[in-house]
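Chemist: Okay, here's the prediction I keep looking at, along with the sequence it came from:
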Amino acid sequence: MSVMSYREAHRQSITSPEEFWGEQAALVDWFRKPRQILDSSRAPFHRWYPDGTLNTCYNALDRHVIRGGAERTALIYDSPVTGSRRTYSYAELLTEVAAFAGALQQLGVEKGDRVVVYMPMIPEAVVAMLACARIGAVHSVVFGGFAPAELAIRIDDATPKVVVSASCGIEPSRTIAYKPMLDEALRLASHAPETVIVKQRPELPADLAEERDLDWDVAMTAGRVQPAGCVEVAATDPLYVLYTSGTTGRPKGIVRDNGGHAVAMAWSFPNVYGCDAGDVWWAASDVGWVVGHSYIVYGPLISGATTVLYEGKPVGTPDAGAFWRVVSEYGVKALFTAPTAIRAIKKEDPEGRLVKEYDLSTLQTLFLAGERLDPDTWEWASEKLGVPVVDNWWQTETGWAIASNLRGLEPMEIKPGSPSVPVPGFDVRVLDGSGHEVPAGAEGAICLKLPLPPGTLTTLWGDDQRYVDSYLSAFDGYYLSGDGGHVDEDGYVYVMGRTDDVINVAGHRLSTGAMEEVISRHPAVAECAVIGVADPMKGQLPRGFVVLKSGVEADPDEIRDELVARVRAEIGAVAAFKEVVVVGGLPKTRSGKILRRTMREIADGKDVPVPSTIEDADVLDTLRPVLRQD
């Protein structure tokens with residue numbers, strides 16, 4: 001492949017996007033091929049393939065079976081926490097999906113209806129997602145184990161006709177009862193689904209309500225009698241809604257369409273990740289995250305590859321060699337995980353002794369994303385595995401990589417600290433506060449020039465205005481990524497961190513504002529601030545600072561324990577919220593805004609001058625030793 005192949009592909013995708021993405025539309029099967037590639041008549045709401053119709057499930061399953069791939073392995077389920085393993089061929093997975101889709105239809109689910117999926121990493125979660133796609137229903141997957149209050153918010157926003165869950169999730173050291181959390185969420189929610197389908201797991205069966213709840217196996221028995229065919233949907237119809245934290249604490253429902261998403265998955269899987277039909281691919285993520293949607297389920301299956309579904313951890317199931325065991329056992333060609341996972345493995349096995357116990361000869365690439373990849377982790381993984389370690393930067397909103405080192409198109413030099421270059425389709429610009437592009441190497445707000453490519457968000461669920469306000473209003477004609485950074489003279493992107501108050505804890509984007517809402521409701525708390533502090537294992541950890549109400553006398557340790565318990569109950573254990581400090585005051589600007597960014601920079605060890613806008617510099621000086629934990 002010529003040296004110009006990446007540059008030419010990117011240039012064409014930016015200067016002639018309709019021509020470029022019109023050609024890529026041939027990668028998927030259409031019921032009605034689109035004649036119009038891009039509709040910008042309602043800009044900034046751009047729509048791809050507006051007159052085309054298709055079915056995403058057909059592209060992921062049926063077409064491979066029809067064309068001779070029925071016996072090819074589609075899904076490998078590996079669960080070290082239960083000792084279970086199962087392999088599904090494309091034909092077997094299609095049979096399961098068609099049956100569950102039939103069950104949903106018998107429950108009255110129609111095209112456009114929503115189905116919330118609240119499940120652990122079991123095959124039924126994948127089946128439920130594909131079944132929704134098969135009948136044109138819109139799935140909304142909520143990370144298994146999310147706290148009831150957060151789940152209730154998502155149920156009220158999506159208003160599902162059906163909720164699909166499991167009796168429990170299983171961790172290395174405990175079993176988590178999902179059904180009581182779901183029941184509590186439904187008690188808190190204003191919206192009531194008509195049916196709740198529960199997959200009973202033998203480790204902890206759940207009690208089912210007689211009128212509302214339905215056993216998964218019973219539903220499947222009915223569905224096998226009348227399996228569902230593929231429903232034709234418009235390319236612009238929604239495939240799913242996936243919630244991501246908003247800075248206000250109210251989650252944003254990212255809407256993904258069918259047509260653009262299918263094309264983006266079909267193009268990106270071979271070109272960005274270098275994998276294709278028949279290859280064994282493993283995204284060690286969760287179906288509750290965007291990575292799980294794009295590259296556990298849709299990307300590899302649309303491409304005809306074999307995808308690994310892993311119910312376990314990088315360490316503790318049973319040891320730090322768990323990932324290498326899976327790679328060796330199934331002949332994984334490429335592994336996609338988060339830097340947090342590699343840091344956890346490195347902590348347990350710093351010399352990489354367990355790496356040497358497995359045959360990793362099939363592994364060609366390690367892909368890392370979800371948070372900034374630090375050079376130390378990159379160097380360790382590169383040395384121990386002896387394969388390219390490729391950072392790639394993307395967001396829930398974009399659905400696939402904004403910047404990467406394209407292993408299937410044109411592998412390039414890897415620069416530690418950079419996810420490499422913009423992926424074709426993404427016009428990356430770094431802007432200053434006035435919306436002007438900055439020179440190479442200068443930092444600013446990383447933005448994407450509109451229109452965004454296929455597969456990116458089309459709006460926020462039920463709230464077009466919030467979509468505009470959140471992403472498109474800062475700079476006319478640009479999508480605001482919320483990340484800051486720079487682009488060097490070679491065109492390599494460097495992402496330095498969030499510019500808002502959403503923090504990244506082990507790949508989970510969490511709102512500090514939501515945590516502050518919980519803390520502020522404590523009767524003893526006058527005001528509070530939560531900041532994300534750099535952590536070598538998880539990327540960031542939240543640290544809370546609270547000012548007690550005047551006259552309140554309380555044991556700081558008791559206050560801390562109560563606040564930690566509250567955040568755990570309402571946000572979830574995933575927040576890893578453990579540190580709370582009672583302080584005399586918080587640094588503020590003259591307008592009353594708490595200087596969270598300044599606090600965060602001091603906590604991260606930076607030499608930060610006193611901001612000119614501060615109201616009382618003495619408050620900040622008093623707080624410095626606490627922030628630095630001196």
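Modeler: Received, thanks.
Chemist: Verify the contact between residue 86 and residue 123 for me.
Modeler: Yes. Assessed by CB atoms under 8 Å, residue 86 is found in contact with residue 123 at 6.7 Å. Using the backbone N, CA and C atoms, a C-beta is placed for each residue, glycine as well.
Chemist: joint contacts of these two?
Modeler: Counting by CB atoms under 8 Å, 6 or more residues apart in numbering, the shared contacts of residue 86 and residue 123 are residue 77.
Chemist: tell me the contacts of residue 411?
Modeler: Shown in contact with residue 411 (CB under 8 Å, 6+ apart): 388, 405.
Chemist: part of a strand, is it?
Modeler: No. Residue 411: not assigned to a strand; according to DSSP: H, G, I helix; E, B strand; the rest coil it is coil.
Chemist: Distance check, it against residue 360.
Modeler: 19 Å (CB to CB, to the nearest Å).
Chemist: send the alpha carbons of the one helix or strand residue 266 maps to over as CSV?
Modeler: Element membership for residue 266, per DSSP states H and E: helix 259-273. Written as CSV, here are the backbone C-alpha positions of helix 259-273 (Å, rounded to 0.1, in the frame of the first residue of the first chain):
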residue,chain,number,x,y,z
GLY,A,259,-27.4,3.2,8.5
GLY,A,260,-24.5,5.4,9.4
HIS,A,261,-23.6,3.2,12.3
ALA,A,262,-23.6,0.0,10.2
VAL,A,263,-21.3,1.6,7.6
ALA,A,264,-19.0,3.0,10.2
MET,A,265,-18.6,-0.4,11.9
ALA,A,266,-18.1,-2.1,8.5
TRP,A,267,-15.4,0.3,7.5
SER,A,268,-13.6,0.9,10.8
PHE,A,269,-13.2,-2.8,11.9
PRO,A,270,-10.9,-3.8,9.1
ASN,A,271,-9.3,-0.4,8.5
VAL,A,272,-8.7,0.8,12.0
TYR,A,273,-8.2,-2.5,13.8
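Chemist: same question for it, mean pLDDT?
Modeler: Regarding helix 259-273, the rounded mean pLDDT is 98.
Chemist: If you count contacts, what does the helix or strand harbouring residue 561 end up packed against?
Modeler: Under the criterion of DSSP H and E, residue 561 resides in helix 556-570. Applying 3 or more CB pairs under 8 Å, 6 or more residues apart in numbering; DSSP states H and E, one finds that helix 556-570 contacts helix 148-158, helix 512-520, strand 539-548, strand 579-582.
Chemist: Now with 6 Å, please.
Modeler: Here helix 556-570 touches helix 512-520, strand 579-582, going by 3 or more CB pairs under 6 Å, 6 or more residues apart in numbering; DSSP states H and E.
Chemist: and the last one, which residues are buried?
Modeler: Along strand 579-582, the positions that meet the burial threshold by neighbour count (16 or more other CB atoms under 10 Å) are 580, 582.
Chemist: Beyond it, next helix or strand please.
Modeler: Counting by DSSP H and E, the next helix or strand C-terminal to strand 579-582 is helix 596-603.
Chemist: outside of that following helix, which residues touch it?
Modeler: Contacts of helix 596-603 with the rest of the structure, by CB atoms under 6 Å, 6 or more residues apart in numbering, involve 529, 531, 533, 608, 611, 624, 627.
Chemist: could you dump that helix to PDB, C-alpha only?
Modeler: What follows is helix 596-603, C-alpha atoms only, in PDB (Å, rounded to 0.1, in the frame of the first residue of the first chain):
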ATOM      1  CA  ARG A 596     -12.300  23.200  40.800                       C
ATOM      2  CA  ARG A 597      -9.700  23.200  38.000                       C
ATOM      3  CA  THR A 598      -7.200  25.000  40.200                       C
ATOM      4  CA  MET A 599      -7.900  22.600  43.000                       C
ATOM      5  CA  ARG A 600      -7.400  19.600  40.600                       C
ATOM      6  CA  GLU A 601      -4.100  21.000  39.300                       C
ATOM      7  CA  ILE A 602      -2.800  21.500  42.800                       C
ATOM      8  CA  ALA A 603      -3.800  18.000  43.800                       C
END
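Chemist: now the angle from that helix to strand 539-548?
Modeler: 110 degrees (axes from the mean of the first three to the mean of the last three CA atoms, to 10 degrees).
Chemist: where in the chain is pLDDT low?
Modeler: Within the chain, the stretches with pLDDT under 70 are 1-4, 245-249, 497-502, 509, 589-593, 612-613, 615, 630.
Chemist: and the residue located most distally from the centre of the chain, what element?
Modeler: Ranking residues of the chain by C-alpha distance from their mean position (CA atoms, centre = their mean) puts residue 551 at the top, at 43.9 Å. Using DSSP H and E, residue 551 falls within no helix or strand.
Chemist: where does the nearest residue to residue 258 once chain neighbours are set aside land in three-state SS?
Modeler: Distances taken as CB to CB, 6 or more residues apart in numbering put residue 239 closest to residue 258, at 4.7 Å, once the chain neighbours are dropped. Three-state assignment for residue 239 (three-state DSSP): strand.
Chemist: now swap in residue 371 and tell me
Modeler: coil.
Chemist: Next, work out how far apart it and residue 531 are.
Modeler: Residue 371 sits at a distance of 16 Å from residue 531 (criterion: CB to CB).
Chemist: and what of residue 177?
Modeler: Using CB to CB, we find residue 177 at a distance of 33 Å from residue 531.
Chemist: try residue 339
Modeler: For residue 339 relative to residue 531 (CB to CB), the value is 21 Å.
Chemist: and if you look at residue 170?
Modeler: From residue 170 to residue 531 the distance is 33 Å (CB to CB).
Chemist: Across the sheet, point out what pairs with residue 53.
Modeler: Here residue 53 sits in beta bridges with residue 32, residue 234, going by DSSP bridges.
Chemist: Any buried residues in the host helix or strand of residue 22, and which?
Modeler: Element membership of residue 22 [criterion: DSSP H and E] is helix 17-24. Neighbour-count burial for helix 17-24 flags 17, 20, 21, 22, 24 (criterion: 16+ other CB under 10 Å).
Chemist: Closest one to residue 203 out of the contacts of helix 596-603, please.
Modeler: Distance ranking of these against residue 203, using CB to CB, places residue 533 first at 35.9 Å.
Chemist: Now do the SS call for the closest one.
Modeler: strand.
Chemist: count of neighbours near the closest residue to it other than its chain neighbours?
Modeler: Leaving aside its chain neighbours, residue 533 sits nearest to residue 603 (4.6 Å; criterion: CB to CB, 6+ apart). Using other CB atoms under 10 Å, residue 603 has 21 other residues around it.
Chemist: Likewise for residue 471?
Modeler: By the criterion of other CB under 10 Å, residue 471 has 22 neighbours.
Chemist: so it sits in a strand?
Modeler: No. Using three-state DSSP, the assignment for residue 471 is helix, not a strand.
Chemist: Would you quantify the distance from it to residue 455?
Modeler: Noted for residue 471: a distance of 16 Å to residue 455, by CB to CB.
Chemist: Residue 100: helix or strand, and which one exactly?
Modeler: With DSSP H and E as the criterion, residue 100 is inside helix 90-106.
Chemist: Please work out which residues outside that helix touch it.
Modeler: Residues from elsewhere that reach helix 90-106 (CB under 6 Å, 6+ apart): 61, 64-65, 69-70, 72, 74-75, 127, 130-131, 134-135, 219-220, 222-224, 226-228.
Chemist: next one: stretch 212-222
Modeler: Stretch 212-222 is contacted by residues 99, 103, 106, 195, 196, 197, 198, 199 when judged by CB under 6 Å, 6+ apart.
Chemist: One more: stretch 279-293?
Modeler: With contacts defined as CB under 6 Å, 6+ apart, stretch 279-293 is touched by 125, 141, 143, 275, 295-296, 300, 305-308, 310, 330-337, 396.
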